[in-house]
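Novice: here you go, sequence then predicted model.
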There are 2 protein chains.
Amino acid sequence: MSLRYALLALLTSRPMTGYDLSKHFSQSVAHVWYAPDSQIYPELNRMERDGLIESETVPWGPKGTKKEYRITDAGTAAFREWINEPLVIRRQRDPAYLKSAYLEWADPDAARDQLRRHLEYWSQHLQMLKETRQSLIDHTHPTLQYRLKKFPEEEHDRIVRYKVFAYDGLIDSATAEVRWARKGLALIDELEGDSA
Amino acid sequence: MSLRYALLALLTSRPMTGYDLSKHFSQSVAHVWYAPDSQIYPELNRMERDGLIESETVPWGPKGTKKEYRITDAGTAAFREWINEPLVIRRQRDPAYLKSAYLEWADPDAARDQLRRHLEYWSQHLQMLKETRQSLIDHTHPTLQYRLKKFPEEEHDRIVRYKVFAYDGLIDSATAEVRWARKGLALIDELEGDSA
DNA sequence: CGGAACTCCCTATGTCCATAGGTAGTGGCG
DNA sequence: CGCCACTACCTATGGACATAGGGAGTTCCG
């Protein structure tokens, strides 16, 4: 059910098409939630049916059209209700940690390769998180700009600081992942002899 | 597909019944992978059909029986293959961070409540992780004891250190979650006035 | 000896999510 | 003008997972 509220969250900043939303879900918003378009379009239809959003068909080029979705009052209410709901804790499930607990079964080079991938992925991710965090502080983050326009100046700091808080957490996690992978590579070198 | 290999991983230490496995998956192994029994039993059947494990029906009490599963050579080979396979990176999806990025919409008390839950959950989790880590180092961890019996003494240190490495990573992550929740509670107090 | 807690095994159902397609229109570049 | 990248929207399929049950046997304790 989180996808629905992640979509509403984005639509509280401005109206968007399904395509716009799907771009966000594979770029910036992907930091907190990811979804492929094949999940987004059907969900948007369901949300419209449920009255949380409404669509307007706008022209696009000479023949094309696109559907722009905007959040309704019912949608805003539902979003607010969700945000106040008690948190459902979701157990983390990461194949990387599962595998790492059984690395004695692995070929040292394969193990190294996996930790290098992990390191590379999280390093890049960390980089993006840091950039996004900075763009929030600078108010250069595009979606944030749309969002802030809807609120009086004196609330801007509060809004930004919650978002920075979320990113601080993500950055801490990603930093831990990077540190862990490096430690693992050192461990393999120590236990298996540093070859490769 | 990770469930299958998580099951094989456990069965490399000793034969177990589906019930044994499901206990592990809601207790110690749950640290790296969780699954309900309703997912485990059907998967065991599929794995037996695929020849990765074989079952023996053993008596249990005067009338009862239970099915004990042991890993086959094909199962061991499949496990080894999986562990050497390149890592599939799984995007993290945590509703807590999604919500936290929009806390300006929340009632301060609801926000506090959520962060307190997060804090409590991860504090407890952290506690268990630390205890399990220690039991690995002490060799008092039951599954580890079974496992070590199958390997010569000089390999024990290597096996334990990989498991401790996995736990070190988990402990770091959990610590970051605890720190983040505390920081969030302080932030709410600062932004909303420290009531409640 | 009766009840409670536990062991043991399983099914059903629905949602979430990933993967892999498909179709039509647009805009720009050579 | 043809090609290509992109915008826009969608369906199908299968696996993963959560939630919610059911039913039969066992052990232990009062």
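Specialist: Yep, it's here.
Novice: in chain A, which helix is the longest?
Specialist: Identified as the longest helix of chain A according to DSSP state H is helix A:153-192.
Novice: counting contacts, what elements does that helix pack onto?
Specialist: Counting contacts by 3 or more C-beta pairs under 8 Å, 6 or more residues apart in numbering or on different chains; DSSP states H and E, helix A:153-192 packs against helix A:108-137, helix A:142-149, helix B:95-100, helix B:153-192. To be clear about C-beta, it is placed using only N, CA and C from the backbone, and glycine gets the same treatment.
Novice: how about low-confidence regions in chain A?
Specialist: A:194-196 (pLDDT under 70).
Novice: who in chain A is up against DNA strand C?
Specialist: Residues of chain A found near DNA strand C (C-beta under 7 Å from any atom of the strand) are A:1-4, A:34-39, A:60-64.
Novice: please repeat the previous calculation with a cut-off of 10 Å.
Specialist: When proximity is defined by C-beta under 10 Å from any atom of the strand, chain A lies next to DNA strand C at A:1-4, A:6, A:19, A:25, A:33-39, A:41-43, A:46, A:59-66, A:90.
Novice: just the residues you listed that are near chain B?
Specialist: Restricting the residues of chain A next to DNA strand C to those near chain B by C-beta under 8 Å from any C-beta of the partner chain leaves A:Ser2, A:Ala6, A:Trp33, A:Tyr34, A:Arg90.
Novice: most neighbours of all those, which one?
Specialist: In terms of neighbours by other C-beta atoms under 10 Å in any protein chain shown, these top out with A:Ala6 at 26 neighbours.
Novice: isn't that one up against B:Ala101?
Specialist: No: here A:Ala6 lies out of contact with B:Ala101, judged by C-beta atoms under 8 Å, at a distance of 9.6 Å.
Novice: circling back to that earlier point, out of the residues of chain A next to DNA strand C, which end up buried?
Specialist: Applying 16 or more other C-beta atoms under 10 Å in any protein chain shown to the residues of chain A next to DNA strand C, the neighbour count classes A:Ser2, A:Leu3, A:Arg4, A:Ala6, A:Phe25, A:Trp33, A:Tyr34, A:Ala35, A:Glu43 as buried.
Novice: next step: those restricted to helices.
Specialist: A:Ser2, A:Leu3, A:Arg4, A:Ala6, A:Phe25, A:Glu43.
Novice: ok, so of the residues you listed, who is nearest A:Ala110?
Specialist: The closest of those to A:Ala110 turns out to be A:Phe25 (C-beta to C-beta; 32.4 Å).
Novice: can you list phi and psi of the closest residue to that closest one other than its chain neighbours for me?
Specialist: Nearest residue to A:Phe25 in three dimensions, chain neighbours excluded: A:Ala35, at 4.7 Å (C-beta to C-beta, 6 or more residues apart in numbering or on different chains). When read as degrees, to the nearest 10, the backbone of A:Ala35 gives phi -160, psi 140.
Novice: this completes my enquiry, with thanks.
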